[in-house]
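Peer 1: the following comprises the amino acid sequence and a computationally predicted model.
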Amino acid sequence: MLSTPNLLTAFRLIIFAGFIYLVDQGNIWWAVLAFILAWGLDAIDGVLARSLRQTSDFGYLFDKMTDRIIIFGGLLVLLVYAVVPIYAFFILTKDVIVGLGLVFIHRGGRIKDLGGAGKAMMAGQGAVILWLMSGGPMGWAAVMVVAVWGLFMGGKYLISYSNRS
């Protein structure tokens, strides 16, 4: 369990704790940087695990949970502190659909990964969160693009998951 990729994933959680502190202190630009780092390091931990041959079920789940904590928890913190508008919640469309769906159809075993499409979805979610944090124009349009994309991805995931044998 104690491997370089898992230590990197744990480091992402420490950075995320710093993100929460920075938002609480009103240091939004530093919080943006902390979010970029905590969110962006996800691109490295999985590659590192495979290249070092340090993959494990624990590492897989730890990474997935950390990803969700950073996106879901980060957005929740930003909503509570009114850093982003309330409609930003729609960024989580895919996560809500998949989460609720799995409650009803999960049949045990490892939860299916969305692969590259899932990574792209997380990248889109994180990018829109950053866009909203930095006050980018037409934030509502960016949120709606990710929400519709999430609706499609979540629905596709549930259909493929419920059809597996």
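Peer 2: Done, it's in.
Peer 1: what distance separates the helix-or-strand element of the chain with minimal mean pLDDT from the middle of the whole chain?
Peer 2: Every helix and strand of the chain was ranked by mean pLDDT, DSSP states H and E. The lowest is helix 93-105, at a mean of 77. The chain centroid and the centroid of helix 93-105 are separated by 14 Å under CA atoms, centre = their mean, to the nearest Å.
Peer 1: which helices and strands sit right next to it?
Peer 2: If contacts are counted by 3 or more CB pairs under 8 Å, 6 or more residues apart in numbering; DSSP states H and E, helix 93-105 sits against helix 139-162. All C-beta spots, glycine's among them, are computed from the backbone N, C-alpha and C.
Peer 1: C-alpha coordinates for the helix it packs on, CSV please?
Peer 2: Coordinates of each C-alpha in helix 139-162 appear next as CSV, following Å, rounded to 0.1, in the frame of the first residue of the first chain:
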residue,chain,number,x,y,z
GLY,A,139,-19.5,30.6,-17.0
TRP,A,140,-23.1,29.4,-17.3
ALA,A,141,-22.5,28.2,-20.8
ALA,A,142,-19.4,26.3,-19.8
VAL,A,143,-21.3,24.7,-16.9
MET,A,144,-24.1,23.7,-19.2
VAL,A,145,-21.7,22.1,-21.7
VAL,A,146,-20.2,20.0,-18.9
ALA,A,147,-23.6,19.2,-17.5
VAL,A,148,-25.0,17.9,-20.8
TRP,A,149,-21.7,16.0,-21.4
GLY,A,150,-22.1,14.6,-17.9
LEU,A,151,-25.7,13.6,-18.6
PHE,A,152,-24.6,11.7,-21.7
MET,A,153,-21.6,10.1,-20.0
GLY,A,154,-23.5,9.1,-16.9
GLY,A,155,-26.3,7.6,-18.9
LYS,A,156,-23.9,5.8,-21.2
TYR,A,157,-22.1,4.5,-18.1
LEU,A,158,-25.3,3.2,-16.4
ILE,A,159,-26.5,1.5,-19.6
SER,A,160,-23.2,-0.3,-20.1
TYR,A,161,-22.9,-1.2,-16.4
SER,A,162,-26.5,-2.5,-16.1
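Peer 1: so for that helix, what gets flagged as buried?
Peer 2: Counting neighbours by 16 or more other CB atoms under 10 Å, one finds that the buried residues in helix 139-162 are 139, 142-144, 146-147, 149-150, 153-154, 157-158, 161.
Peer 1: kind regards, and thank you for your time.
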